[in-house]
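>>> Have a look at this prediction, sequence included:
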Amino acid sequence: MLLPDRHLVADLLARYRAWERLVLADPLDETTRRRFEDVAYTLCVLMGQRTAREAIWQAEAYLRRIRPVPLFPDGAESVAPGFREEMSGPG
């Protein structure tokens with residue numbers, strides 16, 4: 001089973017909450033409401049749920065159970081080998 005990227009899920013949750021606050025601040029702004037609904041729909045599709053409430057719940061549960069993935073596992077260099085030499089130029 002394919003699982004969504006945890007960074008994407010976290011980003012969508014943050015966007016959902018930000019747009020939600022904006023909609024609550026100005027419920028008659030149609031552009032804000034449309035963007036909020038777009039993010040909610042994307043979360044529903046990504047999490048395989050029919051409602052935004054279910055998608056939010058699933059996304060939060062998913063992020064809780066997924067361990068963080070290190071950017072540079074097992075002491076790997078943060079810069080590709082040879083990159084430092086290439087950037088320093090001839091010399």
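Noted; the coordinates are in hand. Numbering: from 1, shown residues only.
>>> got the residue ranges for the helices in this structure?
All helices of the chain, identified by DSSP state H, fall at 6-25, 30-47, 52-65, 83-88.
>>> Residue 66 versus residue 19, what's the distance?
The span separating residue 19 from residue 66 equals 24 Å under the rule CB to CB, to the nearest Å. (Glycine included, C-beta is placed from N, CA and C.)
>>> Compare those two (neighbour count), which wins?
Here residue 19 and residue 66 are set side by side on neighbour count (other CB atoms under 10 Å), and the busier one is residue 19, at 19 against 14.
>>> That one: what's it in contact with?
By CB atoms under 8 Å, 6 or more residues apart in numbering, the residues touching residue 19 are 32, 35-36, 39.
>>> which non-adjacent residue is nearest residue 10?
Distances taken as CB to CB, 6 or more residues apart in numbering put residue 63 closest to residue 10, at 6.0 Å, once the chain neighbours are dropped.
>>> where does the chain dip in pLDDT?
Within the chain, the segments meeting pLDDT under 70 span 1, 67-91.
>>> burial count for residue 48?
Using other CB under 10 Å, residue 48 is surrounded by 10 other residues.
>>> Return the distance of the residue lying closest to it once chain neighbours are set aside relative to residue 66.
When the adjacent residues along the chain are set aside, residue 48 lies closest to residue 58, with 7.5 Å between them (CB to CB, 6+ apart). Noted for residue 58: a distance of 12 Å to residue 66, by CB to CB.
>>> same thing with residue 2?
As defined by CB to CB, residue 2 lies at a distance of 14 Å from residue 66.
>>> Also residue 21?
The separation that residue 21 has from residue 66, given CB to CB, amounts to 26 Å.
>>> Pull the number of nearby residues for residue 55.
Using other CB under 10 Å, residue 55 has 24 neighbouring residues.
>>> show me what contacts it?
Here residue 55 is in contact with 40, 43-44, 46-47, 49 (criterion: CB under 8 Å, 6+ apart).
>>> repeat for residue 44
50-52, 54-55.
>>> repeat that for 7 Å
Residue 44 sits next to 50-52, 55 when contact means CB atoms under 7 Å, 6 or more residues apart in numbering.
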